[in-house]
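S.K.: sequence first, predicted coordinates after that:
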2 protein chains.
Amino acid sequence: MEKEKIAQAIKILNEKDTSIDLWMVVEKESEVLSDPIMDFIIGSGATWLSFFLFFKTGEKYAIVGNLDIEKFKRLELFDEIFAYKGSPKEYLLNLLKKHDPKKIALNYSIDSPTADGLTYGKYLKLVEFLEGTDFKNRFVSSESIISKLRGRKSAEEIRRIKKAIDITLAIYDKISSHVKPGFTEKEVARFITEERKKTGYEPSWEEDHCPSVFAGPQETGAHSGPTDKVLERGQVVNMDFGVVYDKYCSDLQRTWYILKEGETEPPAEVMHGFNTIVESIKRSFNALKPGVNGFDIDKICRDYIVSQGYKEYPHALGHQVGRVAHDGGPLLAPAWERYGNLPFTPLEEGQVFTIEPRLYLEKQGVVTIEEMVVITKDGAEWLSQPQEKIYLIK
Amino acid sequence: MEKEKIAQAIKILNEKDTSIDLWMVVEKESEVLSDPIMDFIIGSGATWLSFFLFFKTGEKYAIVGNLDIEKFKRLELFDEIFAYKGSPKEYLLNLLKKHDPKKIALNYSIDSPTADGLTYGKYLKLVEFLEGTDFKNRFVSSESIISKLRGRKSAEEIRRIKKAIDITLAIYDKISSHVKPGFTEKEVARFITEERKKTGYEPSWEEDHCPSVFAGPQETGAHSGPTDKVLERGQVVNMDFGVVYDKYCSDLQRTWYILKEGETEPPAEVMHGFNTIVESIKRSFNALKPGVNGFDIDKICRDYIVSQGYKEYPHALGHQVGRVAHDGGPLLAPAWERYGNLPFTPLEEGQVFTIEPRLYLEKQGVVTIEEMVVITKDGAEWLSQPQEKIYLIK
């Protein structure tokens, strides 16, 4: 996987709209804080200040602390590895002088955390090393490289994500027959966690809110953990959950309704809310294709929900999924400052997105579905089997 | 633990040689890359760009994305939490203007990775928010705060570290009776890993070289994983291993000798090497106390080993241990550029260090012991029961 991703990276460096001579990763003490790209393209961490250089020409070099060298040699990813005892400075300067790159991409980004692995201290040290040269005036953000690299999923990456989705949906399938009114949110979460542990897979994000479980009316944030709140008849319940399969994540939400005594189906206002969410997802899905902006996709969904008489959802419509549940890069999102420029970066084939609108029913609770899709050559494909009917708890 | 550490942090802000008005942690998408201080003092991560402000006065504020607020409220760590939908800028500016801090510590550090959690992208965003104000001229590194905060272990932190040490040494105790000549390094490592898994604890660093196992003569780095190399009679074998107990690490090395047929003890040259390491550790240990520099401690050990006819070890004598095996802050190290100023920062009571010299026997292999000690009011105490005799494999 690492070799495949490095080859893809060098291809991206050569693309017309990227055109970067050198992409350089700076790493130190990965066990404390690791640039997220390390695990992605190198598959290992470094102890001492290290530089990993990927040139447009295809040449690949590493400069590492002396005791790390054996580990990196065994990876067989680099043309040459330089090991230092005192300082990596001379090796770095020699490589830069020899290749004289005009544009040097570093991992910093205001908008994309996945492309923001360079810490400020390491940046300052790099600038100190390059003092008296012109190289420090050639830095650019690697955001576009990493966005493409993480976004354009290979067949193998899609296979793993699908597997993570299947595992998640199979656990959701057990909810309706197991969960009863009177359970607390925490008890439902515990059941999901026990079922997950039986599979042996890790949760896609922090276990304290993976799953989240929200029963009945509430204003609490989507990212908070389950509470002792009791599930009551006549309420809707939603859950947010995912698992990691071979380093790739799923991230899915589903909605249930707890039938009142005598009811055989939810009341009209619940059905209207649920169907609004289903329809809003379909409309967004139908508009997805390479080249469109996430802003427009979010707007289709947001406007439809508001047109049906609901408040707009207080978050983005969807994010990319990969090694982490929030995989960075272009978003399906409104033009709010916190999303920066990400809603306006055109979508590309191979990107995996969530679609996750929500709406609030004053009496019954929060209706929300989160599906996962992949952008194809001329549209999109569902990765998750979409929820089309509200699940019932009796 | 988080409340205790935050109280300690505010005490440190008020110390004469620190004197910082505001310590500010900037965080975003913790699942992708988290400032290591987040888990340490807050115990949770953030999704959207967030600011955590600790004032010298004891006031504590958080500014977080709207959907995160519930989670942070439940931690009960802050006087007030501000939740934003669009941008955190106004909340941040208001807090800064109200308190007007003269010195603002941020988590960046050239030398200490544990104090270098602020990414360059987040730094740039912060500077953008503060454009037109004088606040961005008031930034200082939080290195001294974090160094003290992580270094000065509480009784509870020491208790957990001791527990991690006990678990590690109990596993090492099983080696001599289980391992035989003819085992490969990988087979020895597998045995240790199986024993660890029985305890249920995680390794202190990446599993692929935790444990490391080094049999016989070699120049491979201390940080590389076990290979298919076979353990032979007449060789020394060393291992490096640790476990995490309730978030705190151990990091210990031990050395074995594999007796030749007919031998009842190692030959004189192995004993001389082994005793040199034991004596060098004792001499360093005896010199440890608050106020001394790590450089001097390393020098005592390094000089003694060289005086006995061996090459000096190609690394530092010791590092601090805590939440991670390499916990940052002052080091017992030589004045090599890669260690920056850390060998010259005076030691403090409560810091936990490794002492881990090594030496090379041309024919038999690498002799190395790694002990763990805590600095006390007027000296140091062993946390690990020191290895005084070479372990034998028959």
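M.R.: Arrived safely, thanks for sending. Residues are numbered from 1 along each chain as shown, chains lettered A, B, ... in the order given.
S.K.: all strands of the stretch 201-350 of chain A, in order?
M.R.: For the stretch 201-350 of chain A, strands defined by DSSP state E, counting those that start in this stretch occupy the ranges A:202-203, A:212-215, A:236-241, A:243-245, A:248-249, A:252-258.
S.K.: could I get the ones you listed as a markdown table with mean neighbour count and mean pLDDT?
M.R.: (Glycine included, C-beta is placed from N, CA and C.) Listed next are these as a markdown table, based on neighbours: other C-beta atoms under 10 Å in any protein chain shown; pLDDT from 0 to 100:
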| stretch | mean neighbour count | mean pLDDT |
| --- | --- | --- |
| strand A:202-203 | 18 | 96 |
| strand A:212-215 | 26 | 96 |
| strand A:236-241 | 24 | 97 |
| strand A:243-245 | 22 | 98 |
| strand A:248-249 | 26 | 97 |
| strand A:252-258 | 24 | 98 |
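S.K.: format the ones you listed as TSV; extra columns: distance to chain B.
M.R.: Shown next, in TSV, are those (distance: least, C-beta to the nearest C-beta, whole Å):
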stretch	distance to chain B
strand A:202-203	11
strand A:212-215	10
strand A:236-241	11
strand A:243-245	11
strand A:248-249	9
strand A:252-258	13
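S.K.: what's the closest of the ones you listed to A:Gly58?
M.R.: For A:Gly58, the closest of the strands of the stretch 201-350 of chain A is strand A:248-249, at 27.0 Å, according to C-beta to C-beta.
S.K.: distance from the chain centre to the lengthiest helix in chain A, please.
M.R.: Secondary structure of chain A per DSSP state H: the longest helix is helix A:268-287. Distance of helix A:268-287 from the chain centroid (C-alpha atoms, centre = their mean, to the nearest Å) equals 24 Å.
S.K.: can stretch A:280-296 be found next to chain B?
M.R.: No - Stretch A:280-296 is not in contact with chain B by C-beta under 8 Å from any C-beta of the partner chain; minimum separation 14.9 Å.
S.K.: now that stretch: buried residues?
M.R.: A:Ser280, A:Ile281, A:Lys282, A:Ser284, A:Phe285, A:Leu288, A:Pro290, A:Asn293, A:Gly294, A:Phe295 (16 or more other C-beta atoms under 10 Å in any protein chain shown).
S.K.: which residues are contacting the longest helix of chain A?
M.R.: A:236, A:255, A:257, A:265-266, A:296-298, A:300-301, A:304-305, A:308, A:310, A:317-318, A:332, A:355, A:357-359, A:361, A:363-364, A:367-369, A:371, A:373, A:379-380, A:382, A:386-388, A:390 (C-beta atoms under 8 Å, 6 or more residues apart in numbering or on different chains).
S.K.: and the angle from it to strand A:236-241?
M.R.: 40 degrees (axes from the mean of the first three to the mean of the last three C-alpha atoms, to 10 degrees).
S.K.: any idea how far the closest residue to A:Val127 other than its chain neighbours lies from chain B?
M.R.: Leaving aside its sequence neighbours, A:Val127 sits nearest to A:Lys136 (C-beta to C-beta, 6 or more residues apart in numbering or on different chains; 5.3 Å). For A:Lys136, the distance to chain B (C-beta to the nearest C-beta, to the nearest Å) stands at 13 Å.
S.K.: now do A:Thr57
M.R.: Relative to chain B, and taking C-beta to the nearest C-beta, A:Thr57 is found at 26 Å.
S.K.: host element of that residue?
M.R.: Using DSSP states H and E, A:Thr57 is not contained in any helix or strand.
S.K.: what number of residues lie near it?
M.R.: The number of residues packed near A:Thr57 is 13, by other C-beta atoms under 10 Å in any protein chain shown.
S.K.: the closest residue to it other than its chain neighbours: neighbour count?
M.R.: Leaving aside its chain neighbours, A:Thr57 sits nearest to A:His99 (7.8 Å; criterion: C-beta to C-beta, 6+ apart). Using other C-beta under 10 Å, A:His99 is surrounded by 16 other residues.
S.K.: pretty sure A:His99 contacts A:Leu22?
M.R.: Yes - the criterion here is C-beta atoms under 8 Å, and A:His99 meets it with A:Leu22 at 6.8 Å.
S.K.: list residues touching both of the two?
M.R.: What both A:His99 and A:Leu22 touch, as defined by C-beta under 8 Å, 6+ apart, is the set A:Phe55.
S.K.: read off the pLDDT value for the most far-flung residue of chain A relative to its centre.
M.R.: What lies farthest from the middle of chain A is A:Gly262; by C-alpha atoms, centre = their mean that is 42.5 Å. Note on A:Gly262: pLDDT of 95.
S.K.: low pLDDT regions in chain A?
M.R.: A:220-223 (pLDDT under 70).
S.K.: that one - how does it break down into domains?
M.R.: A:2-150, A:152-393 (automatic domain parsing).
S.K.: so where do the helices sit in the stretch 101-250 of chain A?
M.R.: With DSSP state H, counting those that start in this stretch as the definition, the stretch 101-250 of chain A shows helices at residue ranges A:120-129, A:143-151, A:155-172, A:175-178, A:185-199.
S.K.: which of these sits most buried?
M.R.: Mean neighbours per residue, mean count of other C-beta atoms under 10 Å in any protein chain shown, is largest over the helices of the stretch 101-250 of chain A for helix A:143-151, with a mean of 23.
S.K.: could you dump it to CSV, C-alpha only?
M.R.: Output of helix A:143-151 as CSV, limited to C-alpha atoms (Å, rounded to 0.1, in the frame of the first residue of the first chain):
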residue,chain,number,x,y,z
GLU,A,143,-2.6,20.7,0.7
SER,A,144,-3.4,19.9,-2.9
ILE,A,145,-1.0,16.9,-3.0
ILE,A,146,-2.4,15.4,0.2
SER,A,147,-6.0,16.1,-0.7
LYS,A,148,-5.6,14.3,-4.0
LEU,A,149,-3.5,11.5,-2.5
ARG,A,150,-5.9,10.7,0.3
GLY,A,151,-9.0,11.5,-1.8
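S.K.: touching that helix from outside, list them.
M.R.: A:5, A:8-9, A:12-13, A:15, A:17-18, A:20, A:23, A:37, A:40-41, A:105, A:107, A:109, A:111-112, A:114-115, A:320, A:322-323, A:327-330, A:345, A:348, A:350-351.
S.K.: list only buried entries from the residues you listed.
M.R.: A:5, A:9, A:12-13, A:18, A:20, A:23, A:37, A:40-41, A:105, A:107, A:109, A:111-112, A:114-115, A:320, A:322-323, A:327-330, A:345, A:350-351.
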